[in-house]
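1. sharing a sequence plus its predicted fold:
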Amino acid sequence: MAAFILRRLAQSIIVMLVVGLVAFFMFQFLGDPVNQMVGVDTPVAEREALRERLGLNDPLIIRFGKFVVNAAQLEFGLSYQHKSPVTDLLLERMPATIELSMVSAVIAFALALPAGVYTGLYRNRWSSKAMLTLSLIGISVPTFLIGILFIYLFAVVLGWLPSFGRGDVVTLPGGWTTGLLTASGLKAIILPALTLGLFTLTLIMRLIRAEMLEVLRTDYIKFARARGLTNRAVNFGHALKNTLVPVITVTGLLLGNLIAFAIITESVFQWPGMGRLFLQSIQEVDLPVMSAYLVMISFLFVVLNLVVDILYYVVDPRLRVEGHGSGH
Amino acid sequence: MSKHLLEVKNLRIEFPTRRGLLTAIDDVSFHIDEGEVLGVVGESGAGKSLTGAAIIGLLEPPGRVAGGEIIMNGRRIDNLGYEEMRKIRGREIGAIFQDPLTSLNPLYTVGRQLTETIMTHTDMTPTKARERAIELLTEVGIPAPEKRVDQYPHQFSGGMRQRVVIALALCVNPKLVVADEPTTALDVSIQAQIIALLKKLCRDHGTAVMLVTHDMGVIAETADRVAVMYAGRIAEVGPVRQVVKQAKHPYTEGLMGSIPMIGHTGEKLQQIEGSMPRLTNIPTGCAFNPRCPKAFDRCFKERPNTIDVDGTEVACWLYDKEAAHV
């Protein structure tokens, strides 16, 4: 197990280096950032000084080395646009994004699990069929459209919930800002969290259902019934646990998606998170912000994948065998 | 009231399909006495497994019992609700399936699957149940049971897994075990061991067995009585010696003739011409009539009654004495 984790860690580092390379090379291809930062009439000497200050004149390999070392220390340089450290910019906006993603993840998983199991067990009931049909909406309608429809219905027509922003936030010790402790903050997070989580919710629900149907057909479920086990033991003890391996894989990746693709939801709801910062940085060719965001999101996926791999071990004993298992 | 342990009376199983009702089991009757081994043989699709599934109440929808009765210990069980039937499954009627490799849940230890079954049907404490589990593993011949009890199914070989499955089927001493081709998926070298084990355990515990199989050798060695099924009907039921040595029904005769015998070199094996009819077009009269070398007029018109010939029940007009004299 330890060897396995070490091996995965080594792989993860390689993946991160490759991502770093991509993030770094963006600088080479997206034009001269100095032109974006200064006016047309800035003298050449002043431009040169700025290039020197931003470290744009060093050889490529040194710049990449510097980039990796700095990135490892969460140093991504100064934002061209904001003229302040990228890390600070991201950290400042991170709580909003993380909170939004986590709330939508909790909503999505809490609903997907029972819905998936229910529709799997009682696939012929009309309620299951209705849920399946509804879930097609979540899968096929794009997020921004759902967001806009939500805003129209709940904010404009009914006036129950705010249509943009994060509401009042409280700063916790350590600098983390949270909107979950104020009434307006809680109200503000409902629509964006639902919008963001709907796709995940429906996808996981359908996955669990499909896996349940698959597992319920297996011999060991039939045999468990033949042993006279209670329905509860068969459905939840035996069937559900066997659906978990593929569900964990997809869930891990979807969790990454929730954070990475909060971009769209954040811009629809004017949510002050990292995704909006990223969109702005694209419009302004603010390369340090873009590359930092890229590296950070990749890091997140790498970590989630590692966690997923470790969870496999916890769930499935077949992966746990040491090389000299008996009977083979 | 009959004294049979299990009695199946005029069982009829139907599958509603888009093209109409399929009758997969048609008017099947037999019984099993306490401690007796009834072998059920027939070609694939003859309805052997289906009959077994109906007895343990696990017919897969849309299949359903459309007629007849299944009586266990004097109590009718084919019309029980799921929960009542659940209490009978495992407790009174155990089951063994064909493939031991897939019969065990891969995610739980063998011990957990045993204790869970034991505790579902008895009031044993977890500690007691675990002791019983180890006892059972010893009984089915698994070496080092104290260690094996905490292992997962994938750590057992196929034969060992079938032993575990047998332990699971017998763990609360059911009166009857429905064994659906318990050795088909195993190595030939292991098959005999497993059958011997099953036979020994059932004799020790006084458990009756309904042994579904293709293997006439297994039947000849293990069963007390044999039921031969053809196209969802019983062709012949009788004591094993009689059925094997002096088959009455032409189908059974053909079946026995197709078994290779040691010493009979140079002789060609018999084969039954044609194949079993599909459920959608079972002929009128006797279902075997298109393939039967001895078929006569009546076989094409009337479905044969069961006729008692020297203790064997045969569904064949050849043995209808009254008609023979007409």
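-> Here it is on my side, so go on.

2. which bits of chain B sit near chain A?
-> Residues of chain B lying near chain A by CB under 8 Å from any CB of the partner chain: B:56, B:58, B:82, B:86-91, B:94-95, B:97, B:99, B:102-109, B:116-117, B:120-121, B:152, B:154-157, B:160, B:165, B:168-169. Backbone N, C-alpha and C define where each C-beta goes, glycine included.

3. okay, the residue of chain B found nearest chain A: pLDDT?
-> At 3.0 Å from chain A, B:G90 is the closest residue in chain B, using CB to the nearest CB. At B:G90, the model reports a pLDDT of 87.

4. what about it, how many residues close to it?
-> For B:G90, the neighbour count with other CB atoms under 10 Å in any protein chain shown is 25.

5. which non-adjacent residue is nearest it?
-> Spatial nearest neighbour of B:G90, chain neighbours left out: A:G228 (3.0 Å); criterion: CB to CB, 6 or more residues apart in numbering or on different chains.

6. how many residues are close by that neighbour?
-> 26.

7. what helix or strand is it on?
-> Under the criterion DSSP states H and E, no helix or strand holds A:G228.

8. which residues in the stretch 1-150 of chain B form helices?
-> For the stretch 1-150 of chain B, helices defined by DSSP state H, counting those that start in this stretch occupy the ranges B:48-55, B:82-88, B:100-103, B:110-121, B:126-139, B:145-148.

9. any idea which of the ones you listed scores lowest on pLDDT?
-> Across those, helix B:100-103 gives the lowest mean pLDDT, at a mean of 86.

10. and that one, how far out from the chain middle?
-> From the chain centre to the centre of helix B:100-103 is a distance of 18 Å (CA atoms, centre = their mean, to the nearest Å).

11. A:V250 contacts A:M205, doesn't it?
-> No. The pair A:V250 / A:M205 is not scored as a contact, 11.4 Å apart, by CB atoms under 8 Å.

12. more neighbours: which of the two?
-> A:M205 (28 against 17).

13. need the contact list for that one.
-> A:111-112, A:115-116, A:119, A:131, A:135 (CB atoms under 8 Å, 6 or more residues apart in numbering or on different chains).

14. quick one: pLDDT of it?
-> 92.

15. the chain: strands as residue ranges?
-> Going with chain A. All strands of chain A, identified by DSSP state E, fall at A:170-171, A:177-178.

16. switch to chain B, that's the one I care about
-> Along chain B, counting by DSSP E, strands occupy B:6-17, B:20-32, B:37-41, B:64-72, B:75-76, B:93-96, B:176-180, B:208-212, B:225-230, B:233-239, B:306-309, B:312-315.

17. what packs against the top helix by length along chain B?
-> Ordering each helix of chain B by length in residues (DSSP state H) puts helix B:188-205 first. Helices and strands touching helix B:188-205, by 3 or more CB pairs under 8 Å, 6 or more residues apart in numbering or on different chains; DSSP states H and E, are helix B:158-170, strand B:176-180, strand B:208-212, helix B:216-222.

18. neighbouring strands of the third one in the sheet, and parallel or not?
-> The sheet places strand B:208-212 alongside strand B:37-41 (parallel), strand B:176-180 (parallel), with pairing taken from DSSP bridges.

19. circling back to that earlier point, make a markdown table out of the strands of chain A and add mean neighbour count and mean pLDDT.
-> A markdown table is the format used below for the strands of chain A (neighbours: other CB atoms under 10 Å in any protein chain shown; pLDDT from 0 to 100):
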| stretch | mean neighbour count | mean pLDDT |
| --- | --- | --- |
| strand A:170-171 | 11 | 78 |
| strand A:177-178 | 16 | 78 |
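
20. relative to chain B, which of these is closest?
-> Using CB to the nearest CB, the strands of chain A put strand A:177-178 closest to chain B, at 38.4 Å.

21. tell me what B:E236 is bridged to.
-> With DSSP bridges as the rule, B:E236 is bridged to B:V228, B:V314.

22. residues contacting it?
-> The contact partners of B:E236, taken as CB under 8 Å, 6+ apart, are B:226-228, B:243, B:247-249, B:251-252, B:312-316.

23. ChimeraX command for the buried members of those residues?
-> A single ChimeraX command selects the buried members of the contacts of B:E236 (16 or more other CB atoms under 10 Å in any protein chain shown):
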select /B:226,227,228,243,247,248,249,251,252,312,313,314,315,316
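
24. contacting residues around the spatially most central residue of chain B?
-> Centroid-nearest residue in chain B, with CA atoms, centre = their mean: B:V212, separated by 3.0 Å. Residues near B:V212 by CB under 8 Å, 6+ apart: B:40, B:48-49, B:51-52, B:178-181.

25. okay, the helices and strands packed on helix B:188-205 in JSON lines with mean pLDDT next?
-> Below are the helices and strands packed on helix B:188-205 laid out as JSON lines (pLDDT from 0 to 100):
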{"stretch": "helix B:158-170", "mean pLDDT": "90"}
{"stretch": "strand B:176-180", "mean pLDDT": "91"}
{"stretch": "strand B:208-212", "mean pLDDT": "92"}
{"stretch": "helix B:216-222", "mean pLDDT": "84"}
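
26. could those go into a markdown table alongside distance to B:D33?
-> What follows is the helices and strands packed on helix B:188-205, written out as a markdown table (distance: least, CB to CB, whole Å):
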| stretch | distance to B:D33 |
| --- | --- |
| helix B:158-170 | 19 |
| strand B:176-180 | 10 |
| strand B:208-212 | 7 |
| helix B:216-222 | 15 |
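
27. mind checking which of the ones you listed is nearest B:N281?
-> strand B:208-212 (25.1 Å; CB to CB).

28. and the closest one, how far from the chain's centre?
-> Centre to centre, stretch against its chain (CA atoms, centre = their mean), the figure for strand B:208-212 is 5 Å.

29. for residue 59, grab the count of nearby residues.
-> You didn't pick a chain, so chain A it is. Other residues near A:P59 come to 8 when the count uses other CB under 10 Å.

30. wait, chain B
-> 20.

31. and the nearest residue to B:G238 once chain neighbours are set aside, what does it touch?
-> Nearest residue to B:G238 in three dimensions, chain neighbours excluded: B:T312, at 3.0 Å (CB to CB, 6+ apart). Applying CB under 8 Å, 6+ apart to B:T312 gives the contacts B:236-239, B:242-243, B:248.

32. just B:I96 next, same as before
-> Counting by CB under 8 Å, 6+ apart, B:I96 has contacts B:162, B:165-166, B:169, B:177-180, B:182, B:198.

33. export the contacts of A:M205 to TSV and tack on neighbour count and pLDDT?
-> Listed next are those as TSV, based on neighbours: other CB under 10 Å; pLDDT from 0 to 100:
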residue	neighbour count	pLDDT
A:L111	17	92
A:A112	25	91
A:A115	22	92
A:G116	26	91
A:T119	24	92
A:M131	18	90
A:S135	22	88
